[in-house]
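> What would the 3D arrangement of this be:
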Amino acid sequence: MGKLFSVDGNKKWLENTENKLHEDLLEYAKFYYSKPYISKFKDQIVTYHEILPDISPNFIYLDGPAPDDVVNTINGITFNQKTIKKENENVFFEKSTRRIVSADVLMYESTSPADFFILVDKRYSNANFLEKTLLFDYIVKKRLHFGGTVTFEKKYQPYP
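Residues are numbered from 1 along each chain as shown. Sure, this is the predicted structure:
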């Protein structure tokens, strides 16, 4: 029987997910609260979670984190909504959230199993980042209708 590992940087959404899982399935699931933080990958801003499950996953469903859950800054840059004011406290600029690029998948890829599969839900910037950054060859399918998803199926690579 498979196991479900759910990582979220927002306690409300983590509890929401846990509460929607039927009680008979809870023994197969583990929930991790792990704060996402801003970081860099090759001079691009990305997010990572502080703690990830120590597993080699076959399947990753990527739909987070939420921009306002990401902590810290890099050179003054954040993922959070922000109001920038002038010295007289008048609003100068209302910054909406920046599109999230989560790099947690990269932590798992180099040791991933042969049947590694990634589903990215409505996070096109993240899917584009992964498509350009992942090391292995993947069959990439983009389904941009009905909200949109992008999938990455690791191509079979026999050992030499």
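
> all strands of this protein, in order?
4-8, 29-33, 36-41, 44-49, 59-62, 82-85, 91-95, 117-121, 138-143, 149-154 (DSSP state E).

> Out of these, which is closest to residue 73?
strand 36-41 (6.4 Å; CB to CB). Every C-beta, even on glycine, is put in place using the N, C-alpha and C of the backbone.

> So for that closest one, mean pLDDT?
The average pLDDT for strand 36-41 rounds to 97.

> mind listing what the residue of the chain most remote from its centre touches?
Centroid-distance maximum for the chain: residue 88 at 38.4 Å, with CA atoms, centre = their mean. Residues near residue 88 by CB atoms under 8 Å, 6 or more residues apart in numbering: none.

> for the one 5 residues further on, same thing?
The contact partners of residue 93, taken as CB under 8 Å, 6+ apart, are 83, 84.

> State the distance from it to residue 68.
17 Å (CB to CB, to the nearest Å).

> Flag the shaky bits of this protein, pLDDT-wise.
Residues of the chain meeting the criterion pLDDT under 70: 157-160.

> same thing but 50
Low-confidence segments of the chain (pLDDT under 50): none present.

> quick revisit: any chance of the strands of the chain in JSON lines with distance to residue 130 as columns?
JSON lines is the format used below for the strands of the chain (distance: least, CB to CB, whole Å):
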{"stretch": "strand 4-8", "distance to residue 130": "17"}
{"stretch": "strand 29-33", "distance to residue 130": "21"}
{"stretch": "strand 36-41", "distance to residue 130": "11"}
{"stretch": "strand 44-49", "distance to residue 130": "11"}
{"stretch": "strand 59-62", "distance to residue 130": "8"}
{"stretch": "strand 82-85", "distance to residue 130": "27"}
{"stretch": "strand 91-95", "distance to residue 130": "25"}
{"stretch": "strand 117-121", "distance to residue 130": "7"}
{"stretch": "strand 138-143", "distance to residue 130": "9"}
{"stretch": "strand 149-154", "distance to residue 130": "7"}
